[in-house]
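Enquirer: The sequence isn't on hand, but the structure is:
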C-alpha cells in the first residue's frame, strides 16, 4: 500500500483519488479551497443556481467507467441522488450564423448530421461527412494507444507518433474541407469556445467532431455540478482523507524522488504524488512546463430571467436548446440550465472575442433580446474565474503540434510524481480529464 497525496480537488483530483483508493492505496487529497469540485461547482444567487463549469458531457462512458471501477454504478447513484439518470440530448447545440441562417446539430447520428447540413446548404451534408468520417480511424488509434492505455514518453507506437507529430493544423484542414464558412465554424467551435486559435490547433484534435457524432451529448437534470456530491460521497466510501483550505506550496524531493508535499500547515508524507492542478503552482514542476501557457477562461455571465422556458411563445422565445452559439466577433454561447424559481429561467453566457459591449446587446442583435427579463445577474471575468478555481479550467493553450508533448502526464520527469487534470495529458474537458485520471491509476497500479 502506497501513501498517495493528490494535489487538487477538482474533477481530475477527485477521480484520481477515487481510482487509487479503490486500488488499495492510502489516499489523501489536499485542496487549496474550502470545498471540492473545481469546475463541477454551482453558482447561486436570488434563488437561481447555475453550473459554474461544463453543462454537458460528450463521452459518457468515461464517467460511467469511473463510478463502475470505484464502487456502485453511476446509474444507481443518480437514481438515489436525483431520481433521474444522465440524459442524452437530441441536439448537441444550435448554431446561429451572421447571415441569420441556423443549424441544429443532431447528437449521435451520422445520417442526421448529414441531413441537417443539407438543409443548411446544397452539398454541405456530404462535405461534413467527408470531413468527420476519417476521424474514426484517428480515434481508434489514439483511444487504444494514447487515451486509454498508459504509455511512456519517447516510446509511443509509431502510428500514434505519426498522428501527434503531424504539422497539419485544424485551420488548414477546415479550409481544405469547406468552401462555406458555416460548417467550418461548427467544426472549430469547441476550440474557439475554449480560447484557442485554430491556426495553432493540430488537425488531429478535430477528432472531437467524430466523438460528438458517435457519442452525442449528455447532461444531468439540474446541472452537471450534481456530480460533485456524488464524487464526494465516493471519496468517503473509499476512505480518502480530504484536507481543505490548505494550499500546497511545493513538492518535497529527497534523493531525486518526491517524498511529501509541503503545505502551510506542514508536510504530508507521500510515496506517490498526483498533481491535479496547474503545474505552474508547484515550483518543482513549473520549470518543466515553462514553454506552455494556460488557456484563459471566457467572460461569463449568469442570468436569471423572468419567464418559463417550457413555453416559448409566452416566454418570448426562452426555450432554447441546451447550447446555442451566436457566431461572430464576439461569439456568445448561451447555455440554459440549472434551477430557477417558478416562472423563471436560468441562462449562462460565455463570451469570446472582442467583447467591447455587454453580451446581452450581442444577443439582442441576433434576435435573442432578453434585457427586459433579467431579474438576477452574476458576472465573472476570466481573472475572477482563475482566482476562484486556482487556475484555468481550460488547461493548456494550443501553440502548435509541440504542445501535446509539453504537457505533463500521466508520468512526469520527477520520480514518484504523476499528473492529471485539465493541464495534463490528454487535456481539458470532463471526458479527457477523466481519461487522464484513469491513465494515472493504470501507471501507479494496485497496492
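Expert: Nice, I can see it. The shown structure was predicted, so the numbers you read here are calculated from the model rather than taken from an experiment.

Enquirer: Look at stretch 156-173 and report the distance between its end residues.
Expert: One end of stretch 156-173 sits 24 Å from the other (CA to CA, to the nearest Å).

Enquirer: how about the longest helix seen in the chain: buried residues?
Expert: Criterion DSSP state H: the longest helix present in the chain is helix 430-444. For helix 430-444, a neighbour-count test (16 or more other CB atoms under 10 Å) marks 430-441, 444 as buried. No exception for glycine: its C-beta is placed from N, CA and C like everyone else's.

Enquirer: would you turn these into CSV with distance to residue 291 and pLDDT?
Expert: Converted to CSV, these look like this (distance: CB to CB, whole Å; pLDDT from 0 to 100):
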residue, distance to residue 291, pLDDT
430, 26, 93
431, 26, 93
432, 21, 95
433, 22, 96
434, 26, 96
435, 23, 96
436, 20, 96
437, 25, 97
438, 27, 97
439, 22, 96
440, 22, 97
441, 28, 97
444, 27, 96
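
Enquirer: ok, of those, which one's closest to residue 130?
Expert: residue 431 (24.9 Å; CB to CB).

Enquirer: Which residue, other than its chain neighbours, is closest to the closest one?
Expert: Leaving aside its sequence neighbours, residue 431 sits nearest to residue 59 (CB to CB, 6 or more residues apart in numbering; 3.8 Å).

Enquirer: Show me what the longest helix of the chain is packed up against.
Expert: Identification of packing neighbours for helix 430-444 by 3 or more CB pairs under 8 Å, 6 or more residues apart in numbering; DSSP states H and E yields helix 11-22, helix 60-70, strand 417-419.

Enquirer: With respect to burial, which of these scores highest?
Expert: helix 11-22 (a mean of 29; mean count of other CB atoms under 10 Å).

Enquirer: okay, the angle between that helix and helix 60-70?
Expert: Per axes from the mean of the first three to the mean of the last three CA atoms, to 10 degrees, the angle that helix 11-22 makes with helix 60-70 is 30 degrees.

Enquirer: So which elements touch helix 11-22?
Expert: Using 3+ CB pairs under 8 Å, 6+ apart, helix 11-22 sits against strand 3-7, strand 26-30, helix 60-70, helix 226-237, strand 272-275, helix 430-444.

Enquirer: So, low pLDDT: which residues of the stretch 201-350 of the chain?
Expert: 309-319 (pLDDT under 70).

Enquirer: buried stuff in stretch 191-211?
Expert: Those would be 191-196, 198, 200-211, for stretch 191-211 by 16+ other CB under 10 Å.

Enquirer: Quote the end-to-end distance of it.
Expert: Start-to-end, stretch 191-211 (CA to CA) is 14 Å.

Enquirer: Adjust the sequence numbering to begin at 31 for everything that follows.
Expert: Understood, numbering begins at 31; the last thing we discussed is stretch 221-241.

Enquirer: if we can go back for a sec, so the residue nearest to residue 461 touches residue 245, yeah?
Expert: Yes. In this structure, residue 89 is within contact of residue 245 by CB atoms under 8 Å, at 5.2 Å.

Enquirer: Among those two, which residue is more densely surrounded?
Expert: For residue 89 and residue 245, the more surrounded residue by other CB atoms under 10 Å is residue 89, and the numbers stand at 24 against 18.

Enquirer: Which parts of the stretch 231-380 of the chain are helices?
Expert: 237-245, 256-267 (DSSP state H, counting those that start in this stretch).

Enquirer: for the ones you listed, which one sits closest to residue 83?
Expert: Checked against CB to CB, the stretch from those lying closest is helix 256-267, at 9.8 Å.

Enquirer: Look up how far residue 33 lies from residue 352.
Expert: 42 Å (CB to CB, to the nearest Å).
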